[in-house]
Structure formats: structure tokens, C-alpha cells
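>>> fold the stuff below for me.
(one chain, ligands or ions: 2)
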Amino acid sequence: MKRIINEMKLRLVAKSVNESVARSCISAFAAEQNPTIEELCDLRCAVSEAVTNAIVHAYRDRTDPENCYIYISVRLYDSREITVEVSDNGCGIEDVERARAPMFTTGEPGERCGMGFLVMESFTDGLTVKSRLGRGTTVLMRKILKP
Ligand SMILES: Nc1ncnc2c1ncn2[C@@H]1O[C@H](COP(=O)(O)OP(=O)(O)O)[C@@H](O)[C@H]1O
Ligand SMILES: [Mg+2]
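Ligands and ions are numbered 1, 2, ... in the order given. Down below sits the predicted model:
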């Protein structure tokens, strides 16, 4: 059975400055395992998309971003698998399957391109999205580093 050998939990205010904070933190955490540059870039990109979504979409109707949080939970297993869970207590997603479809966006036309979930999926080894309307969303990604 795989065993957890390291763990990190972050709570970030849902402000766009924290997209780069999240990227830096995941880099620092994963770097300890000597990943390839490509693996590191993949992880940074995937985490960035999930965090951006929480900032841009989850709390879109809120006027008090300083009271809105994103929770990131990262685990490293002895099998060199890294799991990253990004969750929010925001508006939730009505239809997850539709939201995951390439080019689907609820953003303003020309503002967002609807490729975030596709990036998370293609840059990792697995993506699970759970959401409840009015309650929030949890995105779970896993990445297996080369031996
Ligand atoms: N954390 C979230 N909370 C609420 N809605 C979300 C969240 N993440 C994604 N969504 C919804 O899923 C859609 C697709 O997301 P994504 O593929 O990243 O495209 P984009 O962010 O460019 O719109 C978003 O437009 C939004 O409606
Ligand atoms: Mg997005």
C-alpha cells in the first residue's frame, strides 16, 4: 500500500496575487523530489488553473474577497505520486460534465477561453471534480513523477 511521506496544507485568500503564491508553493514542495522541468511546469500550470478558477468563478458574486478562501492540500506518496486538492466554499458548478468540456466558459466573451479543466486534465495523471451548488467545489489532481 502506498504511504504518505510528506504533506502541505495552505489556506489562501481568494485574490489573484495568490495564483503565483500557489504556484511557488507547489514548486517548492515538488522540487524536493527532483522532478523534471516538464513535470514541475505541468504541476504549476494545473494548480494555477484550479486556483484561478476558485478566484475568478467560485466567489464571483462576493464583494468581500478578503473573507473568501481557497484550501490547497498536497500529499506526496512513497510511490512518487503527488496529489493536489484545491477546494473552495463558493457558488459551486451546476453541471460539472458540461463545465469540463473544452471551450465551455461562463466568463464574459473574450475574457476566458474555457480550457482550464482541459489543462488540468492533460497536465496531470488524473482529475476529479466534485461540486455542490451553493456549497463549493473540490478539484483533485494527481501527478506521478518519473522514478
Ligand atoms: N471553482 C469553481 N467554482 C465555480 N465555477 C467553476 C469553478 N471552476 C470552474 N467553474 C466553471 O467551469 C467553467 C469552465 O472552467 P475552465 O475550463 O477553467 O474555463 P474558464 O475558467 O476559462 O471559464 C467556468 O467558466 C465556470 O463556469
Ligand atoms: Mg479557468
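
>>> need the residues of the chain near ligand 1, please.
Residues of the chain found near ligand 1 (Cβ under 6 Å from any ligand atom) are 49, 53-54, 57-58, 88, 90-91, 93, 99, 104-107, 112-117, 137. The way it works is simple: take the backbone N, C-alpha and C, and place the C-beta from them, glycine included.

>>> what about residue 19, how many neighbours?
Number of residues near residue 19 (other Cβ atoms under 10 Å) recorded here: 20.

>>> so who does it touch?
48, 51-52, 55 (Cβ atoms under 8 Å, 6 or more residues apart in numbering).

>>> could I get those residues in TSV, plus columns for distance to residue 145 and pLDDT?
Converted to TSV, the contacts of residue 19 look like this (distance: Cβ to Cβ, whole Å; pLDDT from 0 to 100):
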residue	distance to residue 145	pLDDT
48	18	98
51	21	98
52	24	97
55	27	96
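
>>> most neighbours among those, which one is it?
residue 51 (27 neighbours).

>>> which one of the contacts of residue 19 is nearest residue 146?
The closest of those to residue 146 turns out to be residue 48 (Cβ to Cβ; 21.6 Å).

>>> so which residues of the protein form strands?
For the chain, the strands defined by DSSP state E occupy 4-13, 69-77, 81-88, 127-132, 136-144.
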